[in-house]
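# return a 3D structure for these sequence lines:
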Amino acid sequence: MMGLTLALALASTAAAGGQSTQRTNVVLMLADDQGWGDVGYNKYSYQHDSYKYKWTSNPPRTPNLDKMATSDSSILFYRFYAGSGVCSPTRSAILTGRTPDRECITGAEGCGQAPAWSCLDKLPLPPATFTVAEAARKANYSTIHIGKWHLGDFFYKGEARTAIEAGDAYAKWPVSNPGMHGFDEWHSTEASASSSTTNCGCNPDWKNEGQGCIIGGGMWVNQSLACTNYWYPLDLDPAHQRNASMVHCRDELNGKDVAAHVCVGNLTDKIEGDDSAHIMDIFESFVERKTAGPEASPFLAVIWLHTVHEPHPALPEFYHNYTDAFGDPAGDYLGTLTQMDVQIGRFQEILKTNNVYDNTMVWYTADNGPHSAGRDRQQFCALAGTNGLRQCKASLYEGGIREPGILQWPAMVQSHSETWHPAYVSDYLPTVLELLGVPHENPSWVADGISLLPLIKQLAATPNTNDTSLRAAENPLVFQLGSQMAIVNNQWKILQKPAAGQCDAEHGSFFDKTMLFNLDLDPTESTDLSTDPTHASLFTTMSAQLKALAASITASTITESQCASAGPSPGPAPPSPPLPPQPPASGFQIKVNDSCLTVTSLGDHPAAVLGACDGGSKWDGSTSQLTNVAVGGGMGCLKIHADGVKAGHECDAGNAITIGACKNDLIALQGGSLSVPACPKMCAAPASTASGVVPVVLAPCGPATAVWTKV
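The predicted structure follows:
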């Protein structure tokens, strides 16, 4: 009987265009900063003596994800990986099937939670790169992107701004919105957004309307976070088809013609509650149109949720929904995950109500490991977010890249399976290409992902709740993030110069060497085998593969995506000055000699520096926390930068100072010192006495520390 069911499922996926109601729809759903342990269903966790710390399990309540992960219609992947340790690169890998550095998506750029018009996303997705949305359009599918984009600017932001671009890609493609990469419809934010009352800061009246806004702490207030808003295309006709008279609005090669409020518009209604609910509202409307009436069509929906990226304030009913393992309220971190989970349940009901539950392939994962600050009261709370995997977001240790991985597909899978088969988001594109019978537009380009359809068919035909099948050795998982690199070939992982990421460095973590691990025997990456004579040959081979990978990536950027130029580099250019923010109406400056405490940008977690006395150097000290007036919105507090903690403890001298969420490790001006209450006897001070822009870092308080003057 299973063989007949499988044959019928495969027949439906290969149906002709005239039988569109039988074709398999595809949904690629992505959470933000959710760790391998940030779910209720994960029964595997790891303690290890090298941590010198026994962490406490403290999962969120996620009944709908748990049901999805364990249902008869699902395959649960225990070794599913993001495309990188941070968000934008993983999003590139999802769309392209390639490690993101091949498209010059080397990190996370853009506005953070600041308004889209206030800054640049200088890492656009190259137009020549073939995407999963473009593949779906070739198969006559309708396509939509909903949620966080983070792969380029939505509209042209002017000559003055492009003059400070960093690199070839942004100079060539100053606009890179979803409509330029295969999405007919999109309702998206340029970068991160709050999990609740998302755009409450976009209209000064909204914080006083209704119950007000949510900014954290489980209560409604008459204050708001930054203006983060949704944008959408204005070049669609009433039938949601592209208007032939507005083709310039999707011109990938000439983004200068893509104007705000001509080609793209922004939401002018207040989002009253949960951001994930707003995303599901858009999805529900899309599905209703594509399953009945004149717009009926098979569809690809890419849903990129904002939860649980900062800021992640939970609605009061979720903040206080339950107590955690320490007896505290669920709070903003765990509560927001539960808040999002409710919408996962609603998503399932939308599919069922519109009779597409069975023939929709749904993938669920997250873009990187947890940024777990404030998750709970334990010291190394990232370990609870990863279920004991090492490190967190922004690291290529397992905790930064191993993610929840769920496939739901009732038409194909009728008996539950669980697998340890290594897979990652770069596999999405080749899987969808095989599903739809569409050839790759650039078949000669390097492809890092492989189709998972053979594995899915195998497990559908022969269910297995402990599948340990291997990935083809010639197609390992490959990663690059700055100087960090990794190759995962089944149980073997070679890891070069990993970072601690956005959490405390855990005991037993090393950061300045290349290591070899057997993940089957050592999932916490605690035993480096690189110097073990038994594995000398393997280490030599995989080290050579790392070098070959680096060379291959460089070649791809030049000859394939063309996001970089060929030829010898003249050396690093001097750093561009930060965009001058609009001078705030109030606040004071904090000076050392003739330079001011300021910020490098209005983006996500900008660095605090000693620099020009410009609009970004105004501060508010009316409370115990020193807040940058230009950034504002609950994200402008001076604090220790978790990503600047490369090793040791957050209170070590030399750790970077940043601007971020007004919650923990806040810094205040006391006398002539910038004191750090979380780090007794430590102050924020310039890293050197050099002229120009100088980073501000932690340093011991004392006579040698810079004296700050409030002006």
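
# show me where the stretch 601-711 of the chain has strands.
Applying DSSP state E, counting those that start in this stretch to the stretch 601-711 of the chain gives strands spanning 608-611, 619-620, 627-628, 637-640, 657-660, 668-670, 673-675, 682-686, 694-700, 709-710.

# hang on, residue 344 is in a strand, isn't it?
No - assessed with DSSP: H, G, I helix; E, B strand; the rest coil, residue 344 is helix; it does not lie in a strand.

# from residue 549, how far off is it?
Here the criterion is Cβ to Cβ, to the nearest Å. By it, residue 344 lies 35 Å from residue 549. Glycine gets a C-beta too; all of them are placed from N, C-alpha and C.

# closest to residue 85 out of the strands of the stretch 601-711 of the chain?
Nearest to residue 85, of all the strands of the stretch 601-711 of the chain, is strand 657-660, at 17.8 Å by Cβ to Cβ.

# the closest one packs against which elements?
Under the contact definition 3 or more Cβ pairs under 8 Å, 6 or more residues apart in numbering; DSSP states H and E, strand 657-660 sits against strand 608-611, strand 637-640, strand 694-700.

# could I get those strands as JSON lines with distance to residue 374?
Formatted as JSON lines, those follow (distance: least, Cβ to Cβ, whole Å):
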{"stretch": "strand 608-611", "distance to residue 374": "20"}
{"stretch": "strand 637-640", "distance to residue 374": "12"}
{"stretch": "strand 694-700", "distance to residue 374": "20"}
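
# check which residues of stretch 222-233 are buried.
Across stretch 222-233, burial judged by 16 or more other Cβ atoms under 10 Å covers 223-233.

# I should have written stretch 282-302 there, sorry.
For stretch 282-302, the buried set under the neighbour-count rule, 16+ other Cβ under 10 Å, comprises 282-284, 286-287, 289-291, 297-302.

# how about the helices of the stretch 401-550 of the chain, start to end?
Using DSSP state H, counting those that start in this stretch, the helices found in the stretch 401-550 of the chain span residues 428-436, 453-461, 536-559.

# pipe those into a markdown table and attach mean neighbour count per row.
As requested, those are exported to a markdown table (neighbours: other Cβ atoms under 10 Å):
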| stretch | mean neighbour count |
| --- | --- |
| helix 428-436 | 23 |
| helix 453-461 | 19 |
| helix 536-559 | 15 |
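
# can you put those in a markdown table and add mean pLDDT and distance to residue 198?
Putting the helices of the stretch 401-550 of the chain into a markdown table (pLDDT from 0 to 100; distance: least, Cβ to Cβ, whole Å) gives the following:
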| stretch | mean pLDDT | distance to residue 198 |
| --- | --- | --- |
| helix 428-436 | 98 | 26 |
| helix 453-461 | 98 | 35 |
| helix 536-559 | 97 | 34 |
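
# any idea what residue 302 is bridged to?
Judged by DSSP bridges, the bridge partners of residue 302 are residue 28, residue 145.

# give me the low-pLDDT residue ranges for the stretch 101-250 of the chain?
Applying pLDDT under 70 to the stretch 101-250 of the chain picks out residues 159-167.

# run through the chain and note the low-pLDDT ranges.
1-21, 159-167, 567-586, 600-605, 614-617, 622-624, 630-635, 641-648, 663-666, 690-693.

# what's the separation between the most centrally placed residue in it and residue 409?
By Cα atoms, centre = their mean, the chain has its centre lying nearest to residue 87, at 2.5 Å. Look at residue 87 and residue 409: by Cβ to Cβ, they are 26 Å apart.

# can you check residue 331 too?
Per Cβ to Cβ, residue 331 is found 35 Å from residue 409.

# please say which of those two ends up with more neighbours.
With neighbours defined as other Cβ atoms under 10 Å, residue 331 and residue 409 compare such that residue 331 has more, 25 against 22.

# what residues are up against the residue lying closest to that one once chain neighbours are set aside?
Nearest-residue entry for residue 331: residue 319, 6.0 Å, with adjacent residues in sequence omitted and distances by Cβ to Cβ, 6 or more residues apart in numbering. With contacts defined as Cβ atoms under 8 Å, 6 or more residues apart in numbering, the neighbours of residue 319 are 217-218, 329-332, 335.

# those in strands, which ones?
Among the contacts of residue 319, the subset assigned to strands under DSSP state E is empty.

# what segments of the stretch 1-150 of the chain are strands?
Assigned by DSSP E, counting those that start in this stretch, the strands in the stretch 1-150 of the chain fall at 25-31, 74-81, 142-148.

# going by neighbour count, list what's buried in the first one.
To tie it back to what came earlier, the one meant is strand 25-31. Residues 25-31 are the ones in strand 25-31 that count as buried (16+ other Cβ under 10 Å).

# what's in contact with it?
Here strand 25-31 has contacts from 90-91, 94, 132, 136, 141, 147, 298-305, 307-308, 340, 347, 356, 359-367, 404, 428, 432, 435, using Cβ under 8 Å, 6+ apart.

# if we can go back for a sec, and the buried residues of stretch 222-233 as TSV, adding distance to residue 478 and secondary structure?
Compiled in TSV, those are given as follows (distance: Cβ to Cβ, whole Å; DSSP: H, G, I helix; E, B strand; the rest coil):
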residue	distance to residue 478	secondary structure
223	45	coil
224	42	coil
225	37	coil
226	35	coil
227	38	coil
228	33	coil
229	36	coil
230	34	coil
231	33	strand
232	35	strand
233	34	strand
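
# need these in CSV with distance to residue 558, can you?
Formatted as CSV, these follow (distance: Cβ to Cβ, whole Å):
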residue, distance to residue 558
223, 48
224, 45
225, 41
226, 37
227, 38
228, 35
229, 36
230, 36
231, 32
232, 35
233, 32
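
# and the residues you listed, which is closest to residue 541?
Using Cβ to Cβ, residue 228 is the member of these that lies nearest residue 541, at 46.5 Å.

# that closest one contacts residue 188, doesn't it?
No - Residue 228 is beyond contact range of residue 188, at 11.3 Å (criterion: Cβ atoms under 8 Å).
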